[in-house]
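[1] Sharing a sequence plus its predicted fold:
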Amino acid sequence: MNDNQVDVRNAISGVLVVDKPVGLTSHDVVQIIRKGTNIQRAGHTGTLDPRASGVLVVLIGPAVRLSQYVSASDKRYQAILHLGATTDTYDADGKVTRSRPVEHITEEQFEEALSKFVGEIEQVPPPYSAVKVKGRKAYEMARQGEEVDLTPRKIKVYNLELLEWAPPEAVIDVYCSSGTYVRSLAYDLGEALGCGAHLVGLRRTKSGRFTLRDAVPLRKLRDAFEEGNWYQYVIPAAEALSDWPALELDEQQIEEIRHGHRIPAEPGSPPQVRGISAMGELVALLDFDPAANQWQPRKVFFS
């Protein structure tokens, strides 16, 4: 590795949007990226099940500190549901616990049931999930045959659309808040229809502002690691929060912020902004203090 490559690696702070294949865990992908980039600071912003494919957002370098802001974003999925059978895991990996006929269910009935899950709803996570119950992971308890009592949580489903009706299968588009379990949605929908259902395929098409259009297939990324030109796929850290208003900072303001000092703000400014340099690099996340009309640095990234 030449000095130039070392400099590039040390300077990198940003996002790799990966199109994750089926069969790998999200952690596997992060490990592949750590090894390929030689950057140990890396983490994803929201787990995608091994049997699911699609958009996995991985933050690398100092950008890992953006995780809490990026992972809170909305998600979008294409889900394939199988009607007529319920499983203990709510997906095709589990044991069938009940089978019921589906011939009588019409497309109209399905659409009507689907519409009842749009809006702010309460959802119980699947028993086979990483949700903790009294300090233990639910799936560990479920595997040991213990009764798992999970508390419902409030989630938001912004839109549900039937894309394909081919009973006993149906393909739906799910646009929802972070923390939504599509497996639970499949289960609940099956119960509402009275025939049962489970998830047989899942592809995440969007995570926050990143879509499949931004995503690099993992195979292609692995080739780029071999060739040493992987950094062409890195999206700058400032773009990870492109839905936040941007405030361009001059050199003097950057200097103040780097030392944790406040800088003047216009009255009536938005509550939070990303401060960027003239080069478009992420300098800091800033909070507006209306009482003092000042920007308070919340997180500083510029060294």
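    Cool, got the structure. Residues are numbered from 1 along each chain as shown.
[2] In which helix or strand does the residue of the chain most remote from its centre reside?
    Centroid-distance maximum for the chain: H104 at 36.5 Å, with C-alpha atoms, centre = their mean. Using DSSP states H and E, H104 sits within no helix or strand.
[3] Low-confidence ranges, the stretch 1-150 of the chain, go.
    1-11 (pLDDT under 70).
[4] Strands along that one, start to end?
    14-20, 42-44, 52-60, 75-83, 85-87, 96-99, 119-123, 132-133, 136-137 (DSSP state E, counting those that start in this stretch).
[5] Would you quantify the distance from the residue farthest from the centre of the chain to E111?
    15 Å (C-beta to C-beta, to the nearest Å). No exception for glycine: its C-beta is placed from N, CA and C like everyone else's.
[6] try L212
    L212 is 26 Å from E111, by C-beta to C-beta.
[7] and those two? which has more neighbours close in?
    A side-by-side neighbour count of L212 and E111, using other C-beta atoms under 10 Å, places L212 first with 18 against 14.
[8] Cross-check the contact I'm expecting between that one and K20.
    No. Checked against C-beta atoms under 8 Å, the pair L212 and K20 is beyond contact range at 10.9 Å.
[9] Would you point out which residue is most central in this structure?
    G46 (3.9 Å).
[10] Quick check: chain neighbours aside, which residue is closest to that residue?
    Excluding its sequence neighbours, the residue lying closest to G46 (C-beta to C-beta, 6 or more residues apart in numbering) is S71, at 5.0 Å.
[11] who touches S99 in this structure?
    84-86, 196 (C-beta atoms under 8 Å, 6 or more residues apart in numbering).
[12] for D93, that is, sorry about that
    51, 87.
[13] That one and V174, how far apart?
    The value you get for D93 to V174, if C-beta to C-beta is used, is 19 Å.
[14] coming back round to it: nearest to A142, of the contacts of S99?
    T86 (14.7 Å; C-beta to C-beta).
[15] Ignoring the adjacent residues along the chain, who's closest to that closest one?
    T86's closest residue in space is G196 (C-beta to C-beta, 6+ apart), at 3.7 Å.
[16] Quick check: the one you found vs T87, distance?
    Counting by C-beta to C-beta, the gap from G196 to T87 is 9 Å.
[17] Over to V96?
    6 Å.
[18] ok, the two, which is more surrounded?
    Legend: neighbour count by other C-beta under 10 Å for V96 and T87, higher for T87 (24 against 13).
[19] The residue nearest to the more buried one when sequence neighbours are not counted: how many residues sit nearby?
    Using C-beta to C-beta, 6+ apart and skipping the chain neighbours, the partner closest in space to T87 is G94 (3.5 Å). Around G94 there are 19 other residues, counting by other C-beta under 10 Å.
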